[in-house]
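Peer 1: Provide a 3D model corresponding to the input given below.
(one chain, ligands or ions: 1)
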Amino acid sequence: MSPHIRCTDLVRIFSAEGVEVQALQGLTLAIERGELTAIIGASGSGKSTLLSILSGLDVPTAGRAEVAGHDLLAMTARERTRYRRHTVGFVWQQTSRNLLPYLTAVENIATALSVSHTPRRTRRSRATELLELMDIANLADRRPAQMSGGQQQRVAIAVALANSPEVIFADEPTGELDEHNSQLVFDALRTVNVELGTTVLIVTHDQAVSAQVRRTLQIRDGRMSTEVHRSTRTDEHGNESTHAEEYAVLDRVGRLQLPEEYLRALALRDLVRLELEPDHVEVHPTALRKDTA
Ligand SMILES: Nc1ncnc2c1ncn2[C@@H]1O[C@H](COP(=O)(O)OP(=O)(O)OP(=O)(O)O)[C@@H](O)[C@H]1O
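Peer 2: Here you go, the predicted structure:
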């Protein structure tokens with residue numbers, strides 16, 4: 001089966017005032033159905049550009065992008081609208097972008113349901129069901145201003161789920177929250193992933209998020225650079241511990257990005273010496289500079 005989200009050699013070039021910016025420089029990624037994944041990257045690394053493409057708001061300059069079997073480069077305007085209403089759901093950083101301020105929690109969810117022509121009589125029960133899943137049924141009749149930031153984001157997740165999307169994209173969903181509320185929002189996203197089997201992709205600059213998910217992809221300069229996989233192991237005494245393993249992404253032409261801390265630790269720059277061993281490759285620092293070599 002093909003991955004639920006797949007990007008291949010994605011390039012996005014912006015031209016502003018005669019200057020070209022390569023926001024994505026051949027980004028490749030594959031996320032399986034039902035995965036809960038985080039993409040982490042510094043400001044300017046290309047996260048928002050990637051999310052705009054995956055959410056159908058923008059189109060890449062080159063490359064391919066597919067989500068839940070939809071080819072994002074081949075969709076008509078009508079298919080794109082359907083895709084945005086039914087296939088994917090969004091949770092944005094600004095709570096104000098997720099919820100209508102003059103409507104209650106239930107009314108916000110009902111509005112999302114009315115857009116997809118869900119019969120009026122079933123809207124309230126569906127909204128209540130989603131608020132229960134998010135553990136905030138008690139907030140049904142409150143407006144956003146009467147809720148904490150964390151509560152608003154959980155209502156936002158319920159709104160995003162209204163039309164049973166296959167994929168949820170969350171852009172810095174905890175950017176405006178304190179640690180406690182952030183935890184509640186991550187727990188809610190995990191519930192969505194586990195209980196409903198929805199594929200969840202969180203995009204953030206916050207390194208701490210990697211502790212919340214099994215797989216973290218690092219984006220650097222518009223490309224995937226490294227991946228961290230976390231797993232829980234149980235020893236013979238029944239004690240659980242979490243293990244994290246870091247992988248570098250090797251692209252089709254053999255390029256890889258070494259983690260920044262490795263570069264710093266050994267002062268690796270310009271030219272490094274490579275050595276092929278029977279079962280691994282060694283990278284050694286040298287004093288050689290690119291322009292003097
Ligand atoms: N519409 C645009 N026009 C010109 N350049 C753009 C445009 N959108 C993004 N860029 C540039 O593309 C690069 C990647 O931007 P992007 O917003 O995707 O990064 P980001 O990782 O989401 O950053 P942040 O976390 O600050 O939002 C940046 O250099 C940015 O200035």
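
Peer 1: and the helix or strand that contains Thr28, does that touch the ligand?
Peer 2: For Thr28, the element it lies in under DSSP states H and E is strand 19-31. Yes. Interface with the ligand: strand 19-31 contributes 21, 23 (CB under 6 Å from any ligand atom). Where C-beta positions appear, they are placed from N, C-alpha and C, glycine not excepted.

Peer 1: may I see the buried residues of that strand?
Peer 2: Across strand 19-31, burial judged by 16 or more other CB atoms under 10 Å covers 22-24, 26-29, 31.

Peer 1: going by distance to the ligand, which of the residues you listed wins?
Peer 2: Lowest distance from the ligand to these (CB to the nearest ligand atom) belongs to Ala23, with 3.3 Å.

Peer 1: which residues does the residue of the stretch 101-250 of the chain found nearest the ligand contact?
Peer 2: With CB to the nearest ligand atom as the measure, His205 is the residue of the stretch 101-250 of the chain nearest to the ligand, at 5.1 Å. Contact analysis of His205 by CB atoms under 8 Å, 6 or more residues apart in numbering lists 40-43, 47, 172.

Peer 1: give me the subset of those lying in helices.
Peer 2: Using DSSP state H, Lys47 are the members of the contacts of His205 that sit in helices.

Peer 1: so Val67 makes contact with His4?
Peer 2: Yes. Using CB atoms under 8 Å, Val67 is in contact with His4, at 7.1 Å.

Peer 1: how far off centre is whichever helix or strand Val194 is part of?
Peer 2: Assigned by DSSP H and E, Val194 belongs to helix 179-196. The chain centre lies 14 Å from the centre of helix 179-196; the measure is CA atoms, centre = their mean, to the nearest Å.

Peer 1: what strands flank the helix or strand following it, and is each parallel or antiparallel?
Peer 2: Next helix or strand after helix 179-196 toward the C-terminus (DSSP H and E): strand 199-204. When sheet partners are counted by DSSP bridges, strand 199-204 sits next to strand 36-40 (parallel), strand 167-171 (parallel).

Peer 1: who is the nearest residue to Pro173 once chain neighbours are set aside paired with across the strands?
Peer 2: The shortest distance from Pro173 to any non-neighbouring residue, by CB to CB, 6 or more residues apart in numbering, is to Val91 (4.8 Å). Beta-bridge partners for Val91, by DSSP bridges, are Ala170.

Peer 1: ok, Thr118 touching Ser125?
Peer 2: No. Under the criterion of CB under 8 Å, Thr118 is not in contact with Ser125, lying 10.5 Å apart.

Peer 1: those two: which has the busier surroundings?
Peer 2: Comparing Thr118 with Ser125 by other CB atoms under 10 Å, the one with more neighbours is Thr118, at 16 against 9.

Peer 1: next up, the contacts around that one.
Peer 2: Neighbouring residues of Thr118 by CB under 8 Å, 6+ apart: 126, 162-163.

Peer 1: then Phe169?
Peer 2: Counting by CB under 8 Å, 6+ apart, Phe169 touches 51, 54-55, 88-91, 201, 203.

Peer 1: just Ser2 next, same as before
Peer 2: Residues in contact with Ser2, defined by CB under 8 Å, 6+ apart, are 66, 69.

Peer 1: before we move on, what SS does Arg123 have?
Peer 2: Classification of Arg123 using DSSP: H, G, I helix; E, B strand; the rest coil returns helix.

Peer 1: quick one on the thing from earlier: and the residue nearest to Pro173, how close does it get to Ser164?
Peer 2: Separation of Val91 from Ser164 (CB to CB, to the nearest Å) stands at 15 Å.
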